[in-house]
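Asks: Using only what follows, build the 3D model:
(chains A and B)
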Amino acid sequence: MTTKELQQKSINYRKKILQYIKIANAGHTGGSLSCTDILNVLYNKVLNVSPENFSSPDRDRYIQSKGHCVEALFVVLADKGFFPEEDLNTLCKYQSHYIGHPTKKVKGVEQNTGALGHGLPIATGTALAGKMDKKDYKVYTLMGDGELPEGSNWEAALSAAQYKLDNLCAIVDKNGLQITAATKDVCNTDPLDKKWEAFGWAVKEVNGNDVEELLAAFNSLPFEKGKPSVIIAHTIKGKGVSYMENQLKWHHGVPTNEEYELAQQELDKALSEL
Amino acid sequence: MAEQINTNSYKANLEIFSETLQRLAVEDKNIVAVTSDSRGSGKLVPYGKKFPEQMVEVGIAEQNLVGVAAGLASCGKKVFAVSPACFLTARALEQIKNDVAYSDNPVNLIGISAGVSYGALGSTHHSLHDYAALRAINNIIIVAPADNFETEKAIELAAATDKPVYLRFGKKPMPPLKEINEDVFAFGKGRVICEGDDVAIIATGEAVYPALQAAQQLKLQNINATVISMHTIKPLDTALIATLAQKCKAIVTVEEHSVNGGLGEACASYLLQNGYAKPFKIIGIPDEYTVTGSQTEIMDHYGISGNGIAESIESLIK
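Replies: Numbers count the residues shown, from 1 in each chain, chains lettered A, B, ... in the order given. Here you go, the predicted model:
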């Protein structure tokens, strides 16, 4: 898959994320759009995960700690053939498995997440099992920058370094906003690179909305032998829809009909200009 | 007075836990113990020496303990996550709820030094809430073995089951509940220790032994008691409770736990909703700042002792 094809995928994923959020009349719009490129690169270029090998003990594991951005995950999993895309018409509907956070009842989901600060400890245990069993799989977890004040993250960060889990990669979707305000104004975690380094991790910072930069980072894992890796992905919340970008109200805002049409037109335009 | 047994010649259930785990780990390389600086209090030092590759230490970080355990279990490891019950089931409750129970990762959570085992260390170290907290969480089996026999069987079963299990242990050496024991142990099936028609004493964990002492005392007054080791709090053996309700004139429950939300209320809920109106009493730790003292002093203070239970029953049925 070429860079251009990846970029096209990102835009198409964003269109579908908005489509299903609109149908559900619910969803975490801004954060799903910020992490779209990360999921795109992971599932299309990095992860050894498919519907066929999903029960294999040798598959790579992706655990989405920022579970509220499940719409991005579901759209990508549908594209990868884990389930028919039309299932997403039931998103957040009565008795649907497609709820507002990842659940293992949906094929392709590794762990039930949604409460923040849970992904990294589980990923640490999963990576530890890989080391114990001398498996080659890698474990990836996507965290939001807003969830980093959860202490459990840092407990796990210590253990991952202690056990030299260089088969573990955390990605921080650093879009800089959370529900209340800018992350730096709520509970500042900067300088983030220094914090991870101090906890014994190897760090890379990338433009998290640039598929080439993301791919280059993933291709260079582990960043340092014997250390867990973290990619600090600088992203734009609401990426791809101009009126949503960096706007707090789109944390879990659902567009009106007019806004929805405008967003789809913008994304179509971006697609045609690629 | 019933005969006082010198418990010093017996082993703590936790020692049996460790011995059983070591036996299982020889054959099964997927057995993994995860500790939070708790291998000493968990009696796992010999295990750690014998099976360093099957031991994970996370330091004093209970949330991470449970999260890591869930990750390991999702990869086929038979995980025993060991930590003082007070921290394990409070600080890491959300990890138990989400990462273990809701995610259906079959972790065996070992709550050590439970109830008021830590005695004079005070309420920070007591776990009087664990049954209540965990009973309200779907998809977890809650077990409090009473003696060494129940402990060994419970650990074997926990290693073999693919469901989350919480196992609760104290620290005291525990005498066998039966001298000749041919019982079959199964989760969710209460164990009949002795039988009598006047009163049923349904106890759990290390409160079963004082319940048995109470039964021995009551017998001297021609009050015949059935004593049940209700080692599994959830799923509760409601068929056995129904049988007891039909047979016995009164029912008493005993637990080293708050009177709120534990075994007693679980039994009461079943009895009331199924039309059994019998004289009934929950013996446990009342909803107050717990009295200070050793474990024995605290239990005696609240009547969780042979004498205390016998007195409660006498006043209930007189």
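
Asks: Mind giving me the packing neighbours of whatever helix or strand residue A:266 lives in?
Replies: Of the helices and strands defined by DSSP states H and E, residue A:266 is found in helix A:257-273. Contact analysis of helix A:257-273 by 3 or more Cβ pairs under 8 Å, 6 or more residues apart in numbering or on different chains; DSSP states H and E lists helix A:3-24 as its packing neighbours. Using the backbone N, CA and C atoms, a C-beta is placed for each residue, glycine as well.

Asks: May I see the buried residues of the helix it packs on?
Replies: Of the residues in helix A:3-24, A:6-24 count as buried by neighbour count, 16 or more other Cβ atoms under 10 Å in any protein chain shown.

Asks: any idea of the angle it forms with helix A:257-273?
Replies: Going by axes from the mean of the first three to the mean of the last three Cα atoms, to 10 degrees, helix A:3-24 is angled at 170 degrees with respect to helix A:257-273.

Asks: Please state the offset of helix A:3-24 from the chain centre?
Replies: Between the centre of helix A:3-24 and the centre of its chain there are 14 Å (Cα atoms, centre = their mean, to the nearest Å).

Asks: Let's see whatever helix or strand comes next after it as PDB, backbone CA atoms only.
Replies: Following helix A:3-24 in sequence order, the next helix or strand is helix A:29-34 (DSSP H and E). The C-alpha atoms that make up helix A:29-34 are tabulated as PDB, following Å, rounded to 0.1, in the frame of the first residue of the first chain:
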ATOM      1  CA  THR A  29     -15.800  12.600  17.400                       C
ATOM      2  CA  GLY A  30     -12.700  14.700  18.000                       C
ATOM      3  CA  GLY A  31     -10.500  11.900  19.500                       C
ATOM      4  CA  SER A  32     -11.600   9.400  16.900                       C
ATOM      5  CA  LEU A  33     -10.500  11.800  14.200                       C
ATOM      6  CA  SER A  34      -7.200  12.500  15.900                       C
END
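
Asks: List of residues touching helix A:29-34?
Replies: Helix A:29-34 is contacted by residues A:14, A:17-18, A:21, A:66, A:68-72, A:144, A:173, A:175, A:177, A:208-209, A:235-241, A:244, A:247, A:250-255 when judged by Cβ atoms under 8 Å, 6 or more residues apart in numbering or on different chains.

Asks: Helix, strand, or coil at the nearest residue to residue B:186 once chain neighbours are set aside?
Replies: Leaving out its chain neighbours, the residue that sits closest to residue B:186 by Cβ to Cβ, 6 or more residues apart in numbering or on different chains is residue B:157, at 7.5 Å. What DSSP: H, G, I helix; E, B strand; the rest coil gives for residue B:157 is helix.

Asks: Helix or strand: which one has residue B:222?
Replies: Under the criterion of DSSP H and E, residue B:222 resides outside all helices and strands.

Asks: can you give me the strands in the stretch 1-150 of chain B?
Replies: B:31-35, B:55-57, B:78-84, B:108-112, B:141-143 (DSSP state E, counting those that start in this stretch).

Asks: got CSV for these, with distance to chain A and mean neighbour count too?
Replies: Converted to CSV, these look like this (distance: least, Cβ to the nearest Cβ, whole Å; neighbours: other Cβ atoms under 10 Å in any protein chain shown):
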stretch, distance to chain A, mean neighbour count
strand B:31-35, 8, 26
strand B:55-57, 6, 20
strand B:78-84, 8, 29
strand B:108-112, 14, 29
strand B:141-143, 19, 24
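
Asks: Would you mind giving the ones you listed as a markdown table with mean pLDDT added?
Replies: A markdown table is the format used below for these (pLDDT from 0 to 100):
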| stretch | mean pLDDT |
| --- | --- |
| strand B:31-35 | 98 |
| strand B:55-57 | 98 |
| strand B:78-84 | 98 |
| strand B:108-112 | 98 |
| strand B:141-143 | 98 |
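
Asks: Correct me if wrong: residue B:140 contacts residue B:167.
Replies: No. Using Cβ atoms under 8 Å, residue B:140 makes no contact with residue B:167, being 10.8 Å away.

Asks: Between those two, which is the more surrounded one?
Replies: Neighbour totals were compared for residue B:140 and residue B:167, and residue B:167 leads with 27 against 20 (other Cβ atoms under 10 Å in any protein chain shown).

Asks: Adjacent strands (with direction) for the helix or strand hosting the more buried one?
Replies: When secondary structure is defined using DSSP H and E, the element that contains residue B:167 is strand B:165-168. Taking DSSP bridges as the criterion, strand B:165-168 forms sheet pairs with strand B:108-112 (parallel), strand B:141-143 (parallel).
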